[in-house]
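Asks: 3D model of this:
(2 chains)
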Amino acid sequence: MIVRFFAFLVGLGFVSALFVGFVMPRDKQEESAAEYVHEHMTLKPVHYSFSGPFGRYDRRQLQRGFQVYQEVCSACHSMKLVAFRDLEEIGFTKPEVKAIAKQWKVEVPSINDKTGEVSSRKALPSDYFPSPFPNETAARAANNNALPPDMSLLAKAREGGPAYIYHLVTGYATQPAGLLAKFPDAKTPDSLYYNPVFANLNIAMPPPLVADGQVTYADGTKATVDQMAQDISAYLMWAAEPKLENRHRAGTAIVIYLLIATALAFGAYRNIWRDMKH
Amino acid sequence: MSFPWAEHYEPKHALTKWIDSRLPLPRLVYNAVGAGYPVPRNLNYFWNFGVLAGVALTIQIITGIVLAMHYVAGTDQAFNSVEGIMRDVNQGWMLRYAHMNGASFFFIVVYIHIFRGLFYGSYKAPREMVWLLGVVIFLLMMATGFMGYVLPWGQMSFWGAQVITGFFSAIPVIGDPLHTWLLGGFAPDQATLNRFFSLHYLLPFVIAGVIVLHIWALHIPGSNNPTGVEVKGPQDTVPFHPYYTAKDGFGLGVFLILFAIMTFFYPNAMGHPDNYIPANPLSTPAHIVPEWYFLPFYAILKSFTVNWLWVPAKLWGVVAMFGAIALLFFLPWLDKSPIRSANYRPMYKIAFWILVVDVVILGYVGQAEPKEPNVRIGQFAAMYYFAHFLIIVPIINMFEVPKPLPNSITESVLHGEAAEAAPYGVGAGAAH
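Replies: Numbering: from 1, shown residues only, chains lettered A, B, ... in the order given. Alright, predicted model coming up:
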């Protein structure tokens, strides 16, 4: 009885505190320009060869995407978790990987093995992709105080995954006059670029893919902006999730095995209980 | 333990006799989960979830021990060591995804197990101790899950740790020094990460220990059942083995299929993308949310928006959030209805299903942005949560007319007997 009496009082305390909060008038909340734009935006779905439980990477697409990274993105974006040797997984041969590493624009920080002075050397297949800037301060200094994020995990670190990256790089636009009329404060600052896909609409990255033919694909595929955007986003998914194919293969085998085992377990269960009403 | 008609362990082989007279471990297992444990014959699939929780803990411990061989608990290395597991350790991606999704599945299974107990009145006499130990396990799981989420040292790890440890600073007077003492600093840093790793490795074994007590306490009165009517005789029970080992084997198969589908095909569906960004103390994420299994309690925390009765809103929220779990400890003494199963309690049954929907709504509000109508929905749902346990459940039996209970488990199983329709109190009560 005493427990229930105290519980009643405690319950009344919590409920009354919540009730007072519930009836309190709210400050009027203004919708922000970003909320308005995102509410009225529909993005077309992007199809990737690796989506779905049986999806596989398209190696030629990944190689094209790598080419876009190498020739465009890597000027500002690091990819610290991917090593040159990993490129063998997307279909490059050992000598090709060696050549790619050797010709990489940025060298690997090193020390002179005679004098001990700070130096650099050509990259090897065992090296991770060297970063375009030696540190965050240098990266910000070169990019109007914005930090280009590391791309290793980008496709998993954004809501929407690789499709988000596709829409972002193809999403640049001039700011609609209608939006400015509705939200006069939302004008994109001079140093930034309007991109309705980006969270706050104003992104520091200049449009990275500007013209068809910006990259000349080694496999002869026509390098439209749309094609390059698909390829780079697929490549970034591979960089973020290199074991996706192993995962899909193992998953398929394990689920089939478990289905059989569970069917047998169900048979055993029915057999044991056959004479027992329950 | 349990019933006099339980089968007795009789070693037949000379070796098993030799062992039994020196260390009767096979006897203990036989009596705990073998033929020596008589169980009501009418348990439905909701009784599979205790075993499934045990399996989930085992999966977590096995994958976790191997992960710990490759993980580095350092603020500058933790994130990259996890990525090293994902990329360079043989089958490391499988271990890590299994551990990550295993935590979610452990909570899914335990939440169903808890709601099973609420529906069928499994917390009532004589099983109060089983329930209390279960709430202790739940608390330990929450602590373990929280600290495990911090270990990869991603953005949500860091900021989740920042927010959740920040609750302690709401405590009057000692709050700030306590907060600093718990973290080993003014913000989550190396000292925090190291102690979280240590405790994250320790607590699962504490959970395993409390599970032993939980099962021990369960075996004194024996398992509850969907009618809530106590076992009356041998005809009401079957030996745990082979009857329930077979049924649990099937349930385990279904559990593993669902677990494998999520782990192998949707491994990040229950995680947050921000945790693939390394922790950055200088950059606050736009929207900090804890793991999904904390969301209903996080919603309760956020629902207290006004200072009330001289208590600041933040303290209300923290007290309410911990109180929302702590009140479960008092539940066996709050619910005075002698009827266990909600199947025979028409009003409680309605309140129960409202609670289920209510907790789902709180979960939604927990991850939603703090604007209208989300906040008011959350406040309304939180009101019901407390009202349910502290006001409605304690008094509902005064207004409720229970349905007639079956005379016994066997009679409820062998449907159609006249005795099943015996009025309440005549059937079950008179048989004692």
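
Asks: pLDDT value on whichever residue of the stretch 151-278 of chain A sits closest to chain B, please?
Replies: Here the residue of the stretch 151-278 of chain A nearest chain B is A:Gly251; by CB to the nearest CB that distance is 2.5 Å. Just so you know, the C-beta spots here come from the backbone N, C-alpha and C atoms, and that holds for glycine as well. The model reports A:Gly251 with a pLDDT of 97.

Asks: What sits closest to it if chain neighbours are left out?
Replies: Counting by CB to CB, 6 or more residues apart in numbering or on different chains, A:Gly251 lies nearest to B:Phe264, which is 2.5 Å off, once chain neighbours are set aside.

Asks: Would you confirm that that neighbour belongs to a strand?
Replies: No - using DSSP: H, G, I helix; E, B strand; the rest coil, the assignment for B:Phe264 is helix, not a strand.

Asks: Counting neighbours, what do you get for it?
Replies: Residues lying near B:Phe264 (other CB atoms under 10 Å in any protein chain shown) number 24.

Asks: Then the one 3 residues further on?
Replies: Using other CB under 10 Å as the criterion, B:Pro267 is surrounded by 21 other residues.

Asks: any idea how far chain A is from the spatially most central residue of chain B?
Replies: Nearest residue to the geometric centre of chain B (CA atoms, centre = their mean): B:Val110, 3.4 Å. Distance, B:Val110 to chain A, by CB to the nearest CB, to the nearest Å: 22 Å.

Asks: what about that residue, helix or strand, and which?
Replies: Element membership of B:Val110 [criterion: DSSP states H and E] is helix B:92-119.

Asks: List the buried residues in that helix.
Replies: For helix B:92-119, burial by neighbour count (16 or more other CB atoms under 10 Å in any protein chain shown) applies to B:92-110, B:112-119.

Asks: In three-state terms, label B:Leu52 for me.
Replies: Taking three-state DSSP, the label given to B:Leu52 is helix.

Asks: Next one: it from chain A, what distance?
Replies: 13 Å.

Asks: Give me the helices and strands touching the helix or strand encompassing B:Ala326, please.
Replies: Secondary structure from DSSP H and E places B:Ala326 in helix B:313-326. Contacts defined by 3 or more CB pairs under 8 Å, 6 or more residues apart in numbering or on different chains; DSSP states H and E place helix B:313-326 against helix A:2-23, helix B:128-150, helix B:295-303, helix B:374-387.

Asks: Quick check: mean pLDDT of it?
Replies: The average pLDDT for helix B:313-326 rounds to 93.

Asks: quick check: angle from that helix to helix B:295-303?
Replies: Put simply, helix B:313-326 runs at 150 degrees to helix B:295-303, going by axes from the mean of the first three to the mean of the last three CA atoms, to 10 degrees.

Asks: Contacts for helix B:313-326 next, please.
Replies: For helix B:313-326, the surrounding residues in contact (CB atoms under 8 Å, 6 or more residues apart in numbering or on different chains) are A:10, A:14, A:17, A:21, B:135, B:138-139, B:142, B:167, B:170-172, B:297-298, B:300-308, B:311, B:382, B:385-386.

Asks: With stretch B:169-184 instead?
Replies: B:165-166, B:168, B:186, B:189, B:191-192, B:194-195, B:312, B:314-315, B:317-318.

Asks: same check, this time on stretch B:239-255
Replies: A:258, A:261-262, A:265-266, A:268-269, A:271-273, A:276, B:6-7, B:33-39, B:41, B:43, B:45, B:47-48, B:51-52, B:55, B:105, B:109, B:238.

Asks: circling back: can you tell me the helix or strand for the residue of the stretch 151-278 of chain A closest to chain B?
Replies: helix A:244-272.

Asks: now for that helix, which elements pack on it?
Replies: Against helix A:244-272 (3+ CB pairs under 8 Å, 6+ apart) you get helix B:92-119, helix B:245-265.

Asks: what residues go with each domain of the chain?
Replies: Answering for chain A, as no chain was given. A:33-82+A:146-251, A:83-127 (automatic domain parsing).

Asks: right idea, wrong chain: chain B
Replies: B:33-288, B:294-401, B:406-432.

Asks: now those domains as CSV including distance to A:Ala101?
Replies: Formatted as CSV, the domains of chain B follow (distance: least, CB to CB, whole Å):
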stretch, distance to A:Ala101
domain B:33-288, 18
domain B:294-401, 44
domain B:406-432, 72
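
Asks: closest one to A:Pro176 among these?
Replies: Among the domains of chain B, domain B:33-288 comes nearest to A:Pro176, with 23.6 Å by CB to CB.

Asks: and the closest residue to chain A within the stretch 201-350 of chain B, what does it touch?
Replies: Closest approach of the stretch 201-350 of chain B to chain A (CB to the nearest CB) occurs at B:Phe264, with a separation of 2.5 Å. For B:Phe264, the contact set (CB under 8 Å, 6+ apart) comprises A:Pro53, A:Arg247, A:His248, A:Ala250, A:Gly251, A:Thr252, A:Ile254, A:Val255, B:Tyr97.

Asks: coming back round to it: please produce a ChimeraX select command covering the buried subset of the contacts of helix B:313-326.
Replies: Listed next is the ChimeraX selection for buried residues among these, using 16+ other CB under 10 Å:
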select /A:10,14,17,21 /B:135,138,139,142,167,170,297,298,300,301,302,303,304,305,306,308,382,385,386
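
Asks: gap between the two ends of stretch B:184-198?
Replies: Stretch B:184-198 stretches 14 Å from its first residue to its last (CA to CA, to the nearest Å).

Asks: just stretch B:33-45 next, same as before
Replies: Separation of the first and last residues of stretch B:33-45 by CA to CA is 17 Å.

Asks: buried stuff in it?
Replies: Neighbour-count burial for stretch B:33-45 [16+ other CB under 10 Å]: B:Val33, B:Gly34, B:Ala35, B:Gly36, B:Tyr37, B:Pro38, B:Val39, B:Pro40, B:Arg41, B:Asn42, B:Leu43.

Asks: so B:His113 touches B:Val51, yeah?
Replies: No - contact between B:His113 and B:Val51 fails when scored by CB atoms under 8 Å: they sit 9.8 Å apart.

Asks: quick one on the thing from earlier: can I get the helices and strands packed on helix A:244-272 in CSV with mean pLDDT and distance to B:Ala73?
Replies: Putting the helices and strands packed on helix A:244-272 into CSV (pLDDT from 0 to 100; distance: least, CB to CB, whole Å) gives the following:
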stretch, mean pLDDT, distance to B:Ala73
helix B:92-119, 98, 15
helix B:245-265, 97, 24
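
Asks: could you dump those helices to CSV with distance to B:Val375?
Replies: Putting these into CSV (distance: least, CB to CB, whole Å) gives the following:
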stretch, distance to B:Val375
helix B:92-119, 24
helix B:245-265, 31
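
Asks: Pull the residues that contact stretch A:32-46.
Replies: By CB under 8 Å, 6+ apart, stretch A:32-46 touches A:162-163, A:166-167, A:179, A:182-183, A:185-186, A:196-197, A:199-201, A:230, A:233.

Asks: do stretch A:135-151 as well
Replies: So stretch A:135-151 is contacted by A:69, A:73, A:76-81, A:131-133, A:157, A:191, A:204-205, A:236, A:239, B:277 (CB under 8 Å, 6+ apart).
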